[in-house]
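Participant: Got a predicted structure plus its sequence, pasted below:
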Amino acid sequence: DSLPSSPDENALDTTNGPSLVPPTPAARSPLPARPTGPLKSIVEDLKSRQASPAMTPRGESTNPFTTFSGLTQPPSRNNSKSNSEISLVDVLSAKAVNLNGAKAHADGLHSGTKRHQLTHSSSTASHTRVQRRLSRSSTTRAHSRSISSSRPSLELHSTRWHIESNPHCNGGLKNAVESVGTRLKRKLWVGTLGVNTDGFRDSLRRNIEWRMRDDCDSLPVWIPDSEFAGCYDDFCHQVLWPCLHYAIPDAPRTKSFYEHASYNQYVAVNQRFADAIASAYQDGDIIWVNDYHLMLLPAMLRARLPGASIGFFMHVAFPSSEIFRCLSVRVDLLKGVLGSDLIGFQTANYARHFRQTVSRILTAEALPKGVQMDDRFVDVGAFPMGIDVGSLDEKKHDPEVAEWVNALRQRYAGMKLIVGRDKLDLIQGVRQKIQAFEAFLEKYPEYQGKVVLIQVALQTTEESEMQGGVSDVVSHLNSRFSTLTYQPVVFLHTQDLTFSQYLALLTVADAFMVTSLREGMALRTHEYVECQEERHRPLILSEFTGSYSYSGFRSCIPVNPWDKRMTAKAIHQALTMSDEEALSRWEDMHSHVVTQSAQAFVTSFLVRCLRASIEHSQTDGTEVAVLDVQRVLPRYRHSQKRLLLIDFEGTMWIRDLRKMSRGVFDPPKDAIEVLNRLADDPRNEVWLLSGLPVKGMLDIIGEAAPKIGIVAENGCFIKTRPDRNGGSSWISMVANFNLTWKAPCLEILNYFTERTPGSFVEEREASIVWRFWVDPDESSSDRQWARRQASEAQNHVFDSLGERYGLRIIPGANSFLVLPNNVSRSTAVGAILNPGGPARSTLVTSVPWSAPEATEAESVHEFDFVLAIGKDQRMMRRLNELDNAETVSTGDKGTDAKWKLDPSKVMPALWRFADAK
Ligand SMILES: O=P(O)(O)OC[C@H]1O[C@H](O[C@H]2O[C@H](CO)[C@@H](O)[C@H](O)[C@H]2O)[C@H](O)[C@@H](O)[C@@H]1O
């Protein structure tokens, strides 16, 4: 038998275990399950594949979720029986990417020539697990034994080992990164090989490194076995994983974990990653750190590579601050991830928990967009992980899947099948699932003998099966309800199935069931939905999964996994649901699966990370030159079509907020005069950019400056410049927007206004501003109080209304603005530069006046001189893309503008342009 078996595992051909077919009455022990009958042939099929001289039994063809088939090195397959062969599981990690493709999406960011490379650091975790998990498979066990028992002979020659995909890594992540294909032109995975590498000599390590970099864009990080075990098995799995999933580990054990070796080992492992990445890093790379195993890494990297773009994505859940604060190393962990430019979570709830935790524990200012640290801003956001629908579709249409679909249909004719696939630990709720299934069979006895739950167990060891408390409940249930021809629960391990077989199960299932007590996302729900394209049968889903947070998945049958009666009813509902209802629910879920895909996940994360790091790396303004009008004037003089974009409040007009709070506006006469003078020159097209509402602008500017164009409410409204007949109109850029968010928003802000002396709300047509601390004489404790209220108010508005209505919040020094997404000064300027662009505006009202003379500047596309003065950095970046733009920042923060200018110097500068002949 070319599939060696280990004595204790008895390999795959045991016939006395329960399976998809009825067990013999004497064989009711649920684990390990060894198939007979139809599933036996599945297994035999598997065996015959494994027996081919190819690879280890856990090669890529048996792996449901990885697609790195290219990683298996054919020449080494022939050595598969050698005692000294090592199956190197592939390193998860690092991928370097030329982000040119992704940059195109970066909303008008520069199309610079900088090479962007993504160094994608992933968890250390999966690899150890692979080694351990592989011990279920006899051949691999033989491999691991050979590794550990033959240390003296570890002088392995490169031809005697091969690299293959690790089936137990975070397959979702791997697939997602691969799904964007050539858009990531260069990538480097950085990860570990897990345990059993202590005996590798330097020459072997170099050899492996060389091969991995060459063949799989991977860089292994060498971790001593004991350090790896302390970090991964103890700190990650015994302390962090439970805590992040709302299970606080018991105090005495955690105390020893925290304060002794395991946390130190976690630090050491993160440090080794930092060393490896720093040595491979090249200027312009993006470093993408993945998951909770590497929470300290971003700060370690930031210390070494201050200018690097660093993103961190948390694949698992993030709990409420009440739970996270129980960790004794909470401060270190938070500061660790805050070394990033962007921190991503699976859902908006986890992101909010994180912001609140940071605000509570580090007393940093947490805003909807991220966290303001002393020296930098860190973006925080939700990026739902998805699946690569196209690639799954291809696999789904493999003829082998159809064969297995037929086989399963025949085998289970007249029966209902419920399928599940979970890790067997306490968090994944398999015990609760089995108990609920038992409750179902009790409550609906007519289903006894007619429904089978096929439960696939992920990455289990006997230890985890015990830990998850699954074995006893399966035994109990099976012993209660099995008959000569029926066994209610069939337990399989992932290694017992090929991916085709698993897809066939998903296709024939009458329901899929996830009862996790907490879970980051649960991508298997997406796979199930995709495989139900023809049948549309329902999904029973725990309310505590990330998937359930998304509106499409609200069309599942939700369950509280702690409530077994509810879950039992859900099973009944699923099995009796009409085809029409099932179809309508499926359509909702499917639309989420196809829109929130793996590709969308990777590109949106990388684009946001890049944008965040560009914003964060803006200079503090010290090296930007002060506007030298003398140098710009010659170009101005010699140009024929000029576009002048000038910010109003805070740039041309310094307002008295005290008066404003009483609704008093003093029209700035000098500003109006210079605007008129500039607009009198027929070569000039002058636009005033304001945050004020239409009415405010009419009150202040009104007919006093008839030739200028106006952008009001930060881009929500535009008053066009007069045409030949002197006609001008107000255009709404938000005409199709739903503005019903304003009422609840005002309610929230009024509440905060009552609690915050000196604050007030400015309601505008399509936006709302909350201002606070208008009196500089107020005490600093009042100011602090006001700031705190402002950040709470922003979070409140964002959390309750932001996602639902598509709002964004722009914080200012003493105010914040709430307005619809997709509208900004920058988009208004886009419309000015390209008036024939997509029709997104509607006429609001005509403001009839008679302009003294018609302007010649009809052809607004061909400006040969553009001058923009103001504070909007996004607009500055956008205009910098034009060859002939002079951008001048009047802000006091960092800028990408070409020049800077103190607001007090703006009027004199404008007069010099106005007077230029
Ligand atoms: O067991 P670990 O090695 O510590 O890794 C934790 C789990 O990571 C992956 O799951 C997580 O990411 C998925 C994709 O983003 C998400 O759907 C899931 O909810 C997260 O828990 C991996 O798929 C699991 O096998 C690992 O156990």
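Facilitator: Looks like it came in fine. A quick note: this is a predicted structure, and the numbers were derived from the prediction, not measured.
Participant: What is the burial count for the one residue in the stretch 701-850 of the chain that gets nearest to the ligand?
Facilitator: Closest approach between the stretch 701-850 of the chain and the ligand, counting by C-beta to the nearest ligand atom: residue 803, at 19.7 Å. Any C-beta I mention is one placed from the backbone N, CA and C, and that applies to glycine too. Residue 803: 13 surrounding residues under other C-beta atoms under 10 Å.
Participant: in this protein, which ranges drop under the pLDDT threshold?
Facilitator: 1-161, 164-168, 249-260, 459-468, 618-622, 657-665, 773-779, 835-861 (pLDDT under 70).
Participant: how about the helices of the stretch 501-650 of the chain, start to end?
Facilitator: 524-531, 564-576, 579-595, 598-616, 629-637 (DSSP state H, counting those that start in this stretch).
Participant: How far away from the center of its chain is the first one?
Facilitator: Taking C-alpha atoms, centre = their mean, to the nearest Å, the mean C-alpha location of helix 524-531 is offset from the chain mean by 19 Å.
Participant: Up against the ligand, what does the stretch 401-550 of the chain have?
Facilitator: 423, 519-523 (C-beta under 6 Å from any ligand atom).
Participant: Point out the most buried one among the helices of the stretch 501-650 of the chain.
Facilitator: Among the helices of the stretch 501-650 of the chain, ranked by average contacts under mean count of other C-beta atoms under 10 Å, first place goes to helix 524-531 (a mean of 27).
Participant: who's in contact with the nearest residue to residue 573 once chain neighbours are set aside?
Facilitator: Spatially, and ignoring its direct neighbours in sequence, residue 573 is nearest to residue 557 (5.5 Å; C-beta to C-beta, 6 or more residues apart in numbering). Contacts for residue 557 were tallied using C-beta atoms under 8 Å, 6 or more residues apart in numbering; they are 538-541, 570, 573-574.
Participant: among these, which two are most distant?
Facilitator: 541 and 573 (12.4 Å; C-beta to C-beta).
Participant: Now residue 895: phi and psi?
Facilitator: phi -150, psi 150 (degrees, to the nearest 10).
Participant: burial count for it?
Facilitator: 22.
Participant: now it, nearest residue through space, not along the chain?
Facilitator: residue 889 (3.8 Å).
Participant: Return the set of residues that bridge with the one you found.
Facilitator: residue 870, residue 900 (DSSP bridges).
Participant: pretty sure it is touching residue 871, no?
Facilitator: Yes: using C-beta atoms under 8 Å, residue 889 makes contact with residue 871 at a distance of 6.7 Å.
Participant: When those two are compared, which one has more neighbours?
Facilitator: residue 889 (27 against 21).
Participant: got a list of what the closest residue to residue 372 other than its chain neighbours touches?
Facilitator: Leaving aside its sequence neighbours, residue 372 sits nearest to residue 365 (C-beta to C-beta, 6+ apart; 4.1 Å). Going by C-beta under 8 Å, 6+ apart, residue 365 touches 359, 371-372, 787, 791.
Participant: These in helices, which ones?
Facilitator: In helices, judged by DSSP state H, the following of the contacts of residue 365 are found: 359, 787, 791.
Participant: What's the local residue count around the last one?
Facilitator: To tie it back to what came earlier, the one meant is residue 791. 20.
Participant: Tell me who's in contact with it.
Facilitator: Counting by C-beta under 8 Å, 6+ apart, residue 791 has contacts 359, 365-367.
Participant: so which of the residues you listed would you say is closest to residue 609?
Facilitator: Nearest to residue 609 out of the contacts of residue 791 is residue 367 (C-beta to C-beta; 18.0 Å).
Participant: secondary structure class for the residue lying closest to residue 708 once chain neighbours are set aside?
Facilitator: Nearest residue to residue 708, sequence neighbours excluded (C-beta to C-beta, 6+ apart): residue 686, at 4.5 Å. Here residue 686 is strand, with the state taken from DSSP: H, G, I helix; E, B strand; the rest coil.
Participant: burial of residue 686, as a residue count?
Facilitator: Residue 686: 27 neighbours (other C-beta under 10 Å).
Participant: Among the contacts of residue 365, list the two that are farthest apart in space.
Facilitator: Maximum distance among those (C-beta to C-beta): 14.0 Å, for 371 and 787.
Participant: And these two? Which one has more around it.
Facilitator: residue 371 (22 against 16).
Participant: Residue 338 is in contact with the more buried one, correct?
Facilitator: Yes: using C-beta under 8 Å, residue 371 is in contact with residue 338, at 6.6 Å.
Participant: anything in contact with each of the two?
Facilitator: What both residue 371 and residue 338 touch, as defined by C-beta under 8 Å, 6+ apart, is the set 358, 378.
Participant: Name the nearest residue to the residue nearest the centre of the chain, ignoring sequence neighbours.
Facilitator: Taking C-alpha atoms, centre = their mean, the centroid of the chain lies closest to residue 383, which sits 2.7 Å from it. Leaving aside its sequence neighbours, residue 383 sits nearest to residue 344 (C-beta to C-beta, 6+ apart; 4.3 Å).
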